[in-house]
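A.B. asks: Dropping a prediction and its sequence here:
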Amino acid sequence: MAAYNNLDTVEDVYNAVNYLKGAKTTLDNKDLAFKCIRKAMFFKDLDLEFEARYEFLQQCCFLNYQEEMIAQYPWFLKICDEHPGRFRYSSVLWAFKWVINLLPGFHNISLEKINSLLSEFERRYRDFGATDRVIQYCFLKVYSSLGKHEKTLEAYEAYKRAPAKWERLMDCSACELNSILDVFIDTKDYKTAIEMAQPILSGKLTCAEVPMITYPKLIIPAIELGEEALAEDMLYKTLKELNGTTEEVEVYCQLLPYLSIKGDFVTARKIFEAQFPSLKVRKSDFMFVYFYMYSGIVFKCMARKDKPTVKLAINGALPLDHLQTENEGEYYTEKLQLWFEEMAFHYATLLDNRNGNNHYNEFVEENLLWVEKYC
(Lines give C-alpha, C1' and ligand atoms only; values in the text may rest on other atoms or scores of the structure.)
Protein backbone atom coordinates (compact mmCIF):
# COMPACT_ATOMS: atom_id res chain seq x y z
CA MET A 1 0.00 0.00 0.00
CA ALA A 2 2.83 2.43 0.86
CA ALA A 3 4.16 1.97 -2.67
CA TYR A 4 1.14 3.87 -4.00
CA ASN A 5 1.46 6.96 -1.81
CA ASN A 6 3.16 8.86 -4.64
CA LEU A 7 0.92 9.40 -7.65
CA ASP A 8 3.13 11.81 -9.54
CA THR A 9 2.74 10.35 -13.03
CA VAL A 10 0.00 8.78 -15.11
CA GLU A 11 1.87 5.48 -14.84
CA ASP A 12 1.80 5.74 -11.04
CA VAL A 13 -1.97 6.17 -11.10
CA TYR A 14 -2.46 3.27 -13.52
CA ASN A 15 -0.37 1.05 -11.24
CA ALA A 16 -2.42 2.09 -8.22
CA VAL A 17 -5.71 1.41 -10.01
CA ASN A 18 -4.47 -2.00 -11.15
CA TYR A 19 -3.53 -2.75 -7.55
CA LEU A 20 -7.04 -1.78 -6.41
CA LYS A 21 -8.66 -4.17 -8.89
CA GLY A 22 -7.43 -7.12 -6.87
CA ALA A 23 -7.31 -5.49 -3.45
CA LYS A 24 -9.54 -5.96 -0.43
CA THR A 25 -12.15 -3.40 0.54
CA THR A 26 -10.61 -1.24 3.26
CA LEU A 27 -10.81 2.41 4.23
CA ASP A 28 -7.21 2.88 3.09
CA ASN A 29 -8.02 1.46 -0.34
CA LYS A 30 -11.16 3.59 -0.55
CA ASP A 31 -9.04 6.67 0.13
CA LEU A 32 -6.48 5.55 -2.45
CA ALA A 33 -9.19 5.12 -5.07
CA PHE A 34 -10.46 8.64 -4.40
CA LYS A 35 -6.94 10.03 -4.78
CA CYS A 36 -6.64 8.18 -8.08
CA ILE A 37 -9.84 9.86 -9.30
CA ARG A 38 -8.44 13.29 -8.50
CA LYS A 39 -5.13 12.51 -10.21
CA ALA A 40 -6.82 11.05 -13.30
CA MET A 41 -8.88 14.23 -13.60
CA PHE A 42 -5.70 16.29 -13.24
CA PHE A 43 -4.06 14.34 -16.06
CA LYS A 44 -7.28 14.59 -18.13
CA ASP A 45 -7.22 10.84 -18.76
CA LEU A 46 -10.91 9.89 -19.04
CA ASP A 47 -10.30 6.14 -19.35
CA LEU A 48 -8.17 6.17 -16.23
CA GLU A 49 -10.77 8.27 -14.43
CA PHE A 50 -13.44 5.70 -15.32
CA GLU A 51 -11.40 2.84 -13.87
CA ALA A 52 -10.50 4.82 -10.74
CA ARG A 53 -14.13 5.83 -10.19
CA TYR A 54 -15.29 2.24 -10.63
CA GLU A 55 -12.81 1.00 -8.05
CA PHE A 56 -13.99 3.75 -5.69
CA LEU A 57 -17.60 2.72 -6.33
CA GLN A 58 -16.82 -0.87 -5.41
CA GLN A 59 -14.98 0.17 -2.26
CA CYS A 60 -17.98 2.30 -1.22
CA CYS A 61 -20.38 -0.55 -1.98
CA PHE A 62 -18.68 -3.23 0.07
CA LEU A 63 -17.72 -0.86 2.89
CA ASN A 64 -21.34 0.33 3.09
CA TYR A 65 -20.60 3.96 2.27
CA GLN A 66 -23.97 4.09 0.62
CA GLU A 67 -24.48 7.82 0.19
CA GLU A 68 -21.14 8.24 -1.56
CA MET A 69 -21.94 5.36 -3.87
CA ILE A 70 -25.35 6.78 -4.83
CA ALA A 71 -23.79 10.19 -5.44
CA GLN A 72 -21.05 8.75 -7.66
CA TYR A 73 -23.18 6.52 -9.86
CA PRO A 74 -24.91 9.00 -12.23
CA TRP A 75 -21.49 9.98 -13.62
CA PHE A 76 -21.12 6.48 -15.06
CA LEU A 77 -24.42 6.55 -16.96
CA LYS A 78 -23.67 10.02 -18.29
CA ILE A 79 -20.16 9.17 -19.51
CA CYS A 80 -21.31 5.90 -21.12
CA ASP A 81 -24.11 7.72 -22.96
CA GLU A 82 -21.67 10.36 -24.17
CA HIS A 83 -19.14 7.77 -25.38
CA PRO A 84 -21.05 4.68 -26.59
CA GLY A 85 -18.92 1.54 -26.66
CA ARG A 86 -15.89 3.14 -25.07
CA PHE A 87 -16.32 1.98 -21.48
CA ARG A 88 -17.35 -1.21 -19.67
CA TYR A 89 -21.08 -0.61 -19.92
CA SER A 90 -21.95 -4.08 -18.60
CA SER A 91 -20.04 -3.28 -15.39
CA VAL A 92 -21.93 0.01 -15.10
CA LEU A 93 -25.24 -1.81 -15.48
CA TRP A 94 -24.15 -4.37 -12.90
CA ALA A 95 -23.56 -1.55 -10.43
CA PHE A 96 -27.02 -0.15 -11.19
CA LYS A 97 -28.39 -3.07 -9.15
CA TRP A 98 -26.37 -1.98 -6.15
CA VAL A 99 -27.75 1.55 -6.40
CA ILE A 100 -31.44 0.77 -6.80
CA ASN A 101 -31.26 -1.67 -3.89
CA LEU A 102 -30.03 1.15 -1.65
CA LEU A 103 -32.46 3.89 -2.68
CA PRO A 104 -35.44 2.73 -0.55
CA GLY A 105 -33.30 3.03 2.59
CA PHE A 106 -33.18 6.84 2.42
CA HIS A 107 -36.46 8.57 3.29
CA ASN A 108 -35.43 11.77 1.50
CA ILE A 109 -35.37 9.96 -1.86
CA SER A 110 -38.95 10.26 -3.05
CA LEU A 111 -41.09 7.45 -4.42
CA GLU A 112 -41.30 9.42 -7.67
CA LYS A 113 -37.51 9.39 -7.96
CA ILE A 114 -37.28 5.71 -7.12
CA ASN A 115 -39.97 4.81 -9.67
CA SER A 116 -38.25 6.96 -12.28
CA LEU A 117 -34.94 5.18 -11.71
CA LEU A 118 -36.67 1.78 -11.81
CA SER A 119 -38.07 2.71 -15.22
CA GLU A 120 -34.63 3.78 -16.41
CA PHE A 121 -33.15 0.61 -14.95
CA GLU A 122 -35.67 -1.53 -16.83
CA ARG A 123 -35.13 0.36 -20.10
CA ARG A 124 -31.36 0.04 -19.97
CA TYR A 125 -31.47 -3.62 -18.94
CA ARG A 126 -33.93 -4.56 -21.69
CA ASP A 127 -31.85 -2.68 -24.26
CA PHE A 128 -28.87 -4.73 -23.10
CA GLY A 129 -30.83 -7.97 -23.57
CA ALA A 130 -31.88 -8.76 -19.99
CA THR A 131 -35.13 -10.67 -19.44
CA ASP A 132 -37.78 -10.53 -16.73
CA ARG A 133 -35.81 -13.03 -14.69
CA VAL A 134 -33.17 -10.37 -14.01
CA ILE A 135 -35.40 -7.30 -14.02
CA GLN A 136 -38.24 -8.63 -11.86
CA TYR A 137 -35.75 -10.17 -9.44
CA CYS A 138 -34.28 -6.71 -8.89
CA PHE A 139 -37.74 -5.14 -8.69
CA LEU A 140 -38.93 -7.55 -6.00
CA LYS A 141 -35.99 -6.60 -3.79
CA VAL A 142 -36.80 -2.90 -4.14
CA TYR A 143 -40.53 -3.41 -3.54
CA SER A 144 -39.77 -5.55 -0.49
CA SER A 145 -37.64 -2.74 0.95
CA LEU A 146 -40.51 -0.31 0.33
CA GLY A 147 -42.97 -2.55 2.16
CA LYS A 148 -45.02 -2.98 -1.03
CA HIS A 149 -46.05 -6.60 -0.44
CA GLU A 150 -48.45 -6.92 -3.39
CA LYS A 151 -45.92 -5.54 -5.84
CA THR A 152 -43.23 -7.78 -4.34
CA LEU A 153 -45.37 -10.87 -4.95
CA GLU A 154 -46.28 -9.69 -8.47
CA ALA A 155 -42.59 -9.24 -9.29
CA TYR A 156 -41.82 -12.67 -7.81
CA GLU A 157 -44.50 -14.33 -9.98
CA ALA A 158 -43.13 -12.56 -13.08
CA TYR A 159 -39.63 -13.68 -12.09
CA LYS A 160 -40.80 -17.30 -11.79
CA ARG A 161 -42.51 -17.20 -15.21
CA ALA A 162 -39.31 -16.13 -16.95
CA PRO A 163 -37.08 -18.91 -18.36
CA ALA A 164 -34.56 -20.10 -15.80
CA LYS A 165 -31.36 -19.61 -17.74
CA TRP A 166 -27.99 -17.99 -17.08
CA GLU A 167 -27.88 -14.29 -17.87
CA ARG A 168 -24.92 -11.97 -17.81
CA LEU A 169 -26.46 -9.46 -15.36
CA MET A 170 -27.96 -12.04 -12.98
CA ASP A 171 -26.66 -12.46 -9.46
CA CYS A 172 -25.01 -15.77 -8.64
CA SER A 173 -27.39 -18.61 -7.75
CA ALA A 174 -26.57 -18.38 -4.05
CA CYS A 175 -27.23 -14.62 -3.84
CA GLU A 176 -30.36 -15.02 -5.94
CA LEU A 177 -31.87 -17.60 -3.60
CA ASN A 178 -30.76 -15.65 -0.53
CA SER A 179 -32.74 -12.62 -1.76
CA ILE A 180 -35.80 -14.65 -2.76
CA LEU A 181 -36.06 -15.94 0.81
CA ASP A 182 -37.02 -12.43 1.92
CA VAL A 183 -40.30 -12.75 0.02
CA PHE A 184 -41.37 -15.51 2.39
CA ILE A 185 -39.76 -14.13 5.54
CA ASP A 186 -41.59 -10.82 5.01
CA THR A 187 -44.92 -12.66 4.79
CA LYS A 188 -43.96 -14.92 7.73
CA ASP A 189 -44.16 -18.05 5.62
CA TYR A 190 -41.23 -19.40 7.62
CA LYS A 191 -41.79 -23.03 6.63
CA THR A 192 -41.38 -22.22 2.94
CA ALA A 193 -38.38 -20.01 3.66
CA ILE A 194 -36.54 -22.78 5.53
CA GLU A 195 -37.46 -25.37 2.88
CA MET A 196 -36.30 -23.16 0.02
CA ALA A 197 -33.07 -22.38 1.88
CA GLN A 198 -32.00 -26.04 2.00
CA PRO A 199 -29.50 -25.77 -0.89
CA ILE A 200 -27.78 -23.01 1.09
CA LEU A 201 -28.07 -24.70 4.48
CA SER A 202 -26.71 -27.96 3.07
CA GLY A 203 -23.72 -26.22 1.51
CA LYS A 204 -24.72 -26.90 -2.11
CA LEU A 205 -25.04 -23.18 -2.89
CA THR A 206 -22.34 -20.86 -1.60
CA CYS A 207 -20.49 -17.73 -2.62
CA ALA A 208 -18.35 -15.04 -1.02
CA GLU A 209 -21.29 -13.81 1.08
CA VAL A 210 -23.68 -16.77 1.25
CA PRO A 211 -24.37 -18.53 3.61
CA MET A 212 -23.03 -15.97 6.11
CA ILE A 213 -25.65 -13.38 5.18
CA THR A 214 -28.35 -16.06 5.04
CA TYR A 215 -27.95 -17.63 8.47
CA PRO A 216 -28.86 -14.52 10.51
CA LYS A 217 -32.11 -13.86 8.64
CA LEU A 218 -33.26 -17.48 9.19
CA ILE A 219 -32.66 -17.66 12.94
CA ILE A 220 -36.02 -16.25 14.02
CA PRO A 221 -37.91 -18.35 11.42
CA ALA A 222 -36.12 -21.45 12.75
CA ILE A 223 -37.07 -20.64 16.34
CA GLU A 224 -40.69 -20.00 15.36
CA LEU A 225 -40.77 -23.44 13.72
CA GLY A 226 -39.35 -25.05 16.86
CA GLU A 227 -35.99 -25.79 15.21
CA GLU A 228 -33.78 -24.34 17.92
CA ALA A 229 -30.90 -26.69 17.09
CA LEU A 230 -30.86 -25.21 13.58
CA ALA A 231 -30.96 -21.69 15.01
CA GLU A 232 -28.07 -22.49 17.35
CA ASP A 233 -26.04 -23.99 14.51
CA MET A 234 -26.58 -20.95 12.29
CA LEU A 235 -25.64 -18.59 15.11
CA TYR A 236 -22.45 -20.54 15.83
CA LYS A 237 -21.40 -20.63 12.17
CA THR A 238 -22.08 -16.94 11.68
CA LEU A 239 -20.09 -15.88 14.73
CA LYS A 240 -17.27 -18.23 13.74
CA GLU A 241 -16.93 -16.94 10.18
CA LEU A 242 -17.71 -13.25 10.38
CA ASN A 243 -14.99 -10.81 11.31
CA GLY A 244 -16.11 -9.19 14.55
CA THR A 245 -14.62 -5.82 13.62
CA THR A 246 -16.37 -5.60 10.25
CA GLU A 247 -19.19 -3.10 10.01
CA GLU A 248 -22.08 -5.25 8.79
CA VAL A 249 -25.01 -3.68 10.58
CA GLU A 250 -27.82 -5.67 9.00
CA VAL A 251 -26.10 -9.05 9.30
CA TYR A 252 -24.79 -8.65 12.83
CA CYS A 253 -27.88 -6.99 14.27
CA GLN A 254 -30.05 -9.90 13.15
CA LEU A 255 -28.12 -12.04 15.65
CA LEU A 256 -29.02 -9.84 18.61
CA PRO A 257 -32.57 -11.11 19.35
CA TYR A 258 -31.46 -14.72 19.69
CA LEU A 259 -28.37 -13.81 21.70
CA SER A 260 -30.60 -11.74 23.97
CA ILE A 261 -33.20 -14.42 24.69
CA LYS A 262 -30.33 -16.84 25.33
CA GLY A 263 -28.91 -14.38 27.84
CA ASP A 264 -25.57 -14.15 26.01
CA PHE A 265 -25.20 -10.46 26.69
CA VAL A 266 -21.41 -10.57 26.50
CA THR A 267 -21.51 -11.42 22.79
CA ALA A 268 -24.48 -9.11 22.19
CA ARG A 269 -22.66 -6.19 23.81
CA LYS A 270 -19.53 -6.86 21.74
CA ILE A 271 -21.60 -6.75 18.55
CA PHE A 272 -23.28 -3.54 19.67
CA GLU A 273 -19.97 -1.87 20.47
CA ALA A 274 -18.41 -3.02 17.19
CA GLN A 275 -21.31 -1.81 15.03
CA PHE A 276 -22.32 1.52 16.57
CA PRO A 277 -19.36 3.45 15.02
CA SER A 278 -21.05 2.90 11.66
CA LEU A 279 -23.65 5.47 12.70
CA LYS A 280 -21.01 8.17 12.27
CA VAL A 281 -20.76 7.63 8.53
CA ARG A 282 -24.07 5.98 7.61
CA LYS A 283 -27.17 7.99 6.79
CA SER A 284 -29.45 5.15 5.72
CA ASP A 285 -32.72 5.28 7.64
CA PHE A 286 -33.09 1.55 7.00
CA MET A 287 -29.81 0.86 8.78
CA PHE A 288 -30.84 3.14 11.63
CA VAL A 289 -34.09 1.21 12.07
CA TYR A 290 -32.14 -2.03 12.23
CA PHE A 291 -29.48 -0.80 14.61
CA TYR A 292 -31.76 1.00 17.04
CA MET A 293 -34.44 -1.69 17.09
CA TYR A 294 -32.12 -4.64 17.63
CA SER A 295 -30.04 -2.72 20.17
CA GLY A 296 -33.25 -1.88 22.03
CA ILE A 297 -34.06 -5.58 22.11
CA VAL A 298 -30.74 -6.32 23.82
CA PHE A 299 -31.38 -3.76 26.57
CA LYS A 300 -35.01 -4.86 26.91
CA CYS A 301 -33.89 -8.41 27.66
CA MET A 302 -31.18 -7.19 30.02
CA ALA A 303 -33.73 -5.23 32.02
CA ARG A 304 -36.09 -8.21 32.10
CA LYS A 305 -33.32 -10.56 33.25
CA ASP A 306 -32.46 -8.45 36.33
CA LYS A 307 -29.57 -6.59 34.77
CA PRO A 308 -30.51 -2.99 35.63
CA THR A 309 -27.21 -1.50 34.42
CA VAL A 310 -24.60 -2.22 31.77
CA LYS A 311 -21.10 -0.96 31.02
CA LEU A 312 -20.67 0.23 27.43
CA ALA A 313 -17.50 1.35 25.67
CA ILE A 314 -19.01 3.89 23.28
CA ASN A 315 -16.89 6.97 24.07
CA GLY A 316 -19.66 9.48 23.55
CA ALA A 317 -20.49 8.28 20.01
CA LEU A 318 -24.18 8.46 20.88
CA PRO A 319 -25.93 11.15 22.98
CA LEU A 320 -26.57 8.87 25.93
CA ASP A 321 -25.10 10.83 28.84
CA HIS A 322 -28.57 11.38 30.33
CA LEU A 323 -29.00 7.59 30.55
CA GLN A 324 -25.85 7.02 32.62
CA THR A 325 -25.66 6.11 36.27
CA GLU A 326 -23.29 7.97 38.56
CA ASN A 327 -20.49 5.73 37.24
CA GLU A 328 -18.79 6.78 34.01
CA GLY A 329 -19.64 4.46 31.10
CA GLU A 330 -22.41 2.68 33.02
CA TYR A 331 -26.01 2.96 31.80
CA TYR A 332 -29.49 2.04 32.99
CA THR A 333 -30.70 -0.77 30.75
CA GLU A 334 -34.39 0.14 30.93
CA LYS A 335 -33.65 3.74 29.96
CA LEU A 336 -31.46 2.50 27.11
CA GLN A 337 -34.27 0.23 25.95
CA LEU A 338 -36.79 3.06 25.83
CA TRP A 339 -34.40 5.46 24.08
CA PHE A 340 -33.37 2.96 21.40
CA GLU A 341 -36.98 1.92 20.78
CA GLU A 342 -37.97 5.57 20.40
CA MET A 343 -35.21 6.10 17.85
CA ALA A 344 -36.20 2.95 15.94
CA PHE A 345 -39.80 4.15 15.66
CA HIS A 346 -38.62 7.62 14.63
CA TYR A 347 -36.68 6.32 11.61
CA ALA A 348 -39.38 3.75 10.84
CA THR A 349 -41.90 6.59 10.64
CA LEU A 350 -39.68 8.57 8.25
CA LEU A 351 -39.61 5.60 5.87
CA ASP A 352 -43.30 4.80 6.27
CA ASN A 353 -44.32 8.39 5.57
CA ARG A 354 -42.36 8.28 2.33
CA ASN A 355 -43.65 4.80 1.41
CA GLY A 356 -47.28 5.53 2.27
CA ASN A 357 -47.69 2.50 4.51
CA ASN A 358 -46.94 1.24 8.02
CA HIS A 359 -44.40 -1.41 7.07
CA TYR A 360 -41.43 -0.36 9.20
CA ASN A 361 -43.44 0.59 12.28
CA GLU A 362 -45.06 -2.84 12.15
CA PHE A 363 -41.63 -4.40 11.64
CA VAL A 364 -40.34 -2.77 14.84
CA GLU A 365 -43.49 -3.59 16.83
CA GLU A 366 -43.48 -7.24 15.75
CA ASN A 367 -39.84 -7.74 16.67
CA LEU A 368 -40.31 -6.16 20.08
CA LEU A 369 -43.35 -8.37 20.73
CA TRP A 370 -41.45 -11.43 19.52
CA VAL A 371 -38.79 -10.88 22.16
CA GLU A 372 -41.41 -10.55 24.89
CA LYS A 373 -42.53 -14.11 24.13
CA TYR A 374 -39.11 -15.54 24.85
CA CYS A 375 -37.28 -13.12 27.12
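C.D. replies: Perfect, I can see it now.

A.B. asks: Spit out the contact partners of I185.
C.D. replies: A193, K217, L218, P221 (Cβ atoms under 8 Å, 6 or more residues apart in numbering). Yep, even glycine has a C-beta here, placed from its N, CA and C like the rest.

A.B. asks: how does it look with 10 Å?
C.D. replies: S144, T192, A193, I194, A197, K217, L218, I220, P221 (Cβ atoms under 10 Å, 6 or more residues apart in numbering).

A.B. asks: Just to check, the third one is in contact with L181?
C.D. replies: Just to be clear, that refers to A193. Yes. The pair A193 / L181 is scored as a contact, 5.1 Å apart, by Cβ atoms under 10 Å.

A.B. asks: Where do the helices of the stretch 151-300 of the chain begin and end?
C.D. replies: 173-186, 190-196, 198-201, 215-224, 228-241, 249-253, 256-262, 265-275, 285-304 (DSSP state H, counting those that start in this stretch).

A.B. asks: and the angle from the fourth one to helix 228-241?
C.D. replies: Read that as helix 215-224. If you take axes from the mean of the first three to the mean of the last three Cα atoms, to 10 degrees, helix 215-224 sits at 160 degrees to helix 228-241.

A.B. asks: one step back: check the helices of the stretch 151-300 of the chain for me: which has the lowest mean pLDDT.
C.D. replies: Of all the helices of the stretch 151-300 of the chain, the minimum mean pLDDT falls on helix 249-253 (a mean of 83).

A.B. asks: Centre-most residue in the protein?
C.D. replies: In the chain, the residue lying closest to the centroid (Cα atoms, centre = their mean) is E250, at 5.6 Å.

A.B. asks: quick one: that residue from L256, how far?
C.D. replies: For E250, the distance to L256 equals 11 Å [Cβ to Cβ, to the nearest Å].

A.B. asks: what sits up against the helix or strand of the chain with the lowest mean pLDDT?
C.D. replies: The weakest-scoring helix or strand in the chain, judged by mean pLDDT, DSSP states H and E, is helix 249-253 (a mean of 83). Here helix 249-253 makes contact (Cβ under 10 Å, 6+ apart) with 64, 209, 212-217, 238-239, 242, 244, 246, 268, 270-272, 274-276, 278-279, 282, 284, 286-295, 297-298.

A.B. asks: same check, this time on stretch 228-244
C.D. replies: So stretch 228-244 is contacted by 194, 197, 201, 211-225, 227, 248, 251-252, 254-255, 258-259, 262, 264, 267, 270-271, 273-275 (Cβ under 10 Å, 6+ apart).

A.B. asks: 8 Å instead?
C.D. replies: By Cβ under 8 Å, 6+ apart, stretch 228-244 touches 194, 201, 211-212, 215-216, 218-220, 222-223, 248, 251-252, 255, 258-259, 267, 270-271, 274.

A.B. asks: next one: stretch 351-371 to chain centre, how far?
C.D. replies: 18 Å (Cα atoms, centre = their mean, to the nearest Å).

A.B. asks: same thing with stretch 324-343?
C.D. replies: How far stretch 324-343 lies from its chain's middle: 27 Å, per Cα atoms, centre = their mean.

A.B. asks: okay, how far is it across it, tip to tip?
C.D. replies: Length of stretch 324-343, first residue to last, Cα to Cα, to the nearest Å: 18 Å.

A.B. asks: Show me which residues of that stretch are buried.
C.D. replies: Using 16 or more other Cβ atoms under 10 Å as the test for burial, stretch 324-343 gives 324, 331-341, 343.

A.B. asks: just those: which has the poorest pLDDT?
C.D. replies: Q324 (91).

A.B. asks: Not counting sequence-adjacent ones, nearest residue to that one?
C.D. replies: Nearest residue to Q324, sequence neighbours excluded (Cβ to Cβ, 6 or more residues apart in numbering): Y331, at 5.5 Å.

A.B. asks: ok, residues contacting the helix or strand encompassing that neighbour?
C.D. replies: Following DSSP states H and E, one finds Y331 within strand 330-332. Residues outside strand 330-332 that contact it (Cβ under 8 Å, 6+ apart) are P308, T309, V310, K311, L312, L320, L323, Q324, T325.

A.B. asks: follow-up on the earlier one: how about the contacts of I185, which pair is most distant?
C.D. replies: S144 and I194 (18.2 Å; Cβ to Cβ).

A.B. asks: Who has more neighbours out of the two?
C.D. replies: S144 (24 against 20; other Cβ atoms under 10 Å).

A.B. asks: could you list every residue that touches that one?
C.D. replies: T152, D182, V183, D186 are the contacts of S144 under Cβ under 8 Å, 6+ apart.

A.B. asks: Might one say that the second one is in contact with K141?
C.D. replies: Put plainly, it is D182. Yes. When contacts are counted by Cβ atoms under 8 Å, D182 is listed as touching K141 (7.4 Å).

A.B. asks: So for those two, which sits in the more crowded spot?
C.D. replies: K141 (21 against 17).

A.B. asks: That one: which element?
C.D. replies: With DSSP H and E as the criterion, the answer for K141 is helix 132-145.

A.B. asks: Equivalent analysis for V310, please.
C.D. replies: Going by DSSP H and E, V310 is in strand 309-311.

A.B. asks: Spell out which strands sit alongside that strand in the sheet and which way each one runs.
C.D. replies: In the sheet, strand 309-311 lines up against strand 330-332 (antiparallel) (DSSP bridges).

A.B. asks: Distance-wise, check Y236 relative to Y143.
C.D. replies: The value you get for Y236 to Y143, if Cβ to Cβ is used, is 33 Å.

A.B. asks: higher neighbour count, the two?
C.D. replies: Y143 (22 against 11).

A.B. asks: residues contacting the more buried one?
C.D. replies: Going by Cβ under 8 Å, 6+ apart, the list of residues near Y143 reads K151, T152, A155.

A.B. asks: What is the nearest of those to Y125?
C.D. replies: A155 (13.8 Å).

A.B. asks: Pull the number of nearby residues for the closest one.
C.D. replies: Residues lying near A155 (other Cβ under 10 Å) number 23.
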